[in-house]
Each structure stands twice: as structure tokens, then as C-alpha cells.
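Asks: Show me the folded form of this:
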Amino acid sequence: MGYAYYTLPDGRDAGYGVEAECDHPDCHERINRGLGYLCGEDPDGHRDPEEPGCGKYYCEQHSTAHECTNPACGVYSDDEELICGLAKGHELPHRDPIEEQDFGPDA
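Replies: Just a heads-up that it's a prediction; the model follows:
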């Protein structure tokens with residue numbers, strides 16, 4: 001799949017080549033539907049249901065200020081070097097997807 005332009009299963013066009021408005025209902029900020037504006041790692045139809053994020057596209061202001069239906073855990077390790085990127089409410093241990101390292105209880 002290329003990331004400049006593709007069609008999501010719901011029929012919406014997506015990709016960094018697709019200009020759109022922020023998906024927040026009260027915002028008309030112009031963005032693109034690239035991965036940089038996506039809530040989560042993969043767009044709807046291409047992501048695991050256990051993956052955190054809602055699959056919608058938000059401007060910088062609303063990227064962390066929207067009602068995400070599947071937010072990330074966000075717990076930090078004791079030394080604050082790792083952050084859990086699993087979906088909130090997951091089974092332990094926590095996991096930092098960038099460092100690919102487990103931490104916390106049961107690690």
C-alpha cells in the first residue's frame with residue numbers, strides 16, 4: 001500500500017496527498033490524511049482492533065484533545081525512559097513499542 005493516496009474501507013480517501021479537514025466536529029483546520037495526523041499507528045481497515053487509537057485524523061491542537069475510543073495506556077516506567085503504547089486496559093506487562101521492551105509488573 002502506498003501512503004500518498006489510498007481509499008479506506010469506509011470509502012474516505014486517505015494519505016499524505018489527500019487534503020481534508022480535522023475530524024474534530026468543531027474544527028475546520030486544513031490537514032492531510034497522512035499518518036502524521038492519524039490517531040493510532042494504522043488507519044481503520046488496516047489495523048488490529050487491539051491497537052490503540054481511533055483511526056481518525058486530527059490537527060495538532062486536537063491530536064491529544066479528542067474523545068479517542070481506544071486510547072493508549074500511556075503509563076511510564078519508573079525511570080520514565082519507557083512509555084506503554086498498548087491500548088488502555090491491556091493485560092500486564094506494559095510494553096514500549098519503540099524500544100520493544102516490556103516493563104512494570106510481570107515484566
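Asks: any idea how the protein splits into domains?
Replies: As recorded under automatic domain parsing, the domains making up the chain are 1-70, 72-107.
Asks: Could I get those domains in JSON lines, plus columns for mean neighbour count and mean pLDDT?
Replies: The C-beta positions use only the backbone N, C-alpha and C, and glycine is treated the same way. Shown next, in JSON lines, are the domains of the chain (neighbours: other C-beta atoms under 10 Å; pLDDT from 0 to 100):
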{"stretch": "domain 1-70", "mean neighbour count": "15", "mean pLDDT": "91"}
{"stretch": "domain 72-107", "mean neighbour count": "14", "mean pLDDT": "94"}
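Asks: and residue 6, what is it in contact with?
Replies: Applying C-beta atoms under 8 Å, 6 or more residues apart in numbering to residue 6 gives the contacts 13-15.
Asks: between those, which is nearest residue 52?
Replies: When the contacts of residue 6 are compared for distance to residue 52 (C-beta to C-beta), residue 14 wins out at 18.6 Å.
Asks: Let me know whether the closest one touches residue 7 as I believe.
Replies: Yes: between residue 14 and residue 7 there is a contact under C-beta atoms under 8 Å: 7.3 Å.
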